[in-house]
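I'll drop the sequence and a predicted model, then ask my questions.
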Amino acid sequence: MPRISKTFTHTLGREEAAKRLKSAIAREKIKKAFAVSEPSENWIDDYHLNYSMKVFTYPIAGDLVINDADIVVNIELPVVAVMVTGMIEDQLQQQMKEFLT
């Protein structure tokens, strides 16, 4: 399975970054409801999220860790997504920038 692992730096502090990300995740779930099914969100603690979903029937899973100065995002993609991994990385970069500013 293809895997994306990205680290995004921020200057918000852990609490504020977590607050913004949780709010953004809630908004994105509503906006992308047409494409996403079986969403699962499991916060291990206030700063570590394990998630999974199906996007157009393809399984996606991963985790997100919020640290004091960065956020690490890991995504496991289905093999069929190998051709669009770069596009997914670009979208992730853009969304994280929006979420953290």
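Cool, the structure landed.

Quickly list what Tyr58 is bridged to.
Tyr58 has these beta-bridge partners by DSSP bridges: Val55.

pLDDT score for it?
Looking at Tyr58, its pLDDT reads 94.

What values do phi and psi take at Phe99?
phi -60, psi -30 (degrees, to the nearest 10).

Next one: it from Leu12, what distance?
10 Å (Cβ to Cβ, to the nearest Å). For the C-beta atoms, the positions are set from N, CA and C on the backbone; glycine is no exception.

which residues do these two both contact?
Shared contacts of Phe99 and Leu12 (Cβ atoms under 8 Å, 6 or more residues apart in numbering): Arg20.

just the strands in this structure please.
Along the chain, counting by DSSP state E, strands occupy 3-9, 36-45, 48-55, 58-66, 70-76.

Quick one, which of these gets closest to Lys19.
Comparing the strands of the chain against Lys19 with Cβ to Cβ, the closest turns out to be strand 58-66 (9.9 Å).
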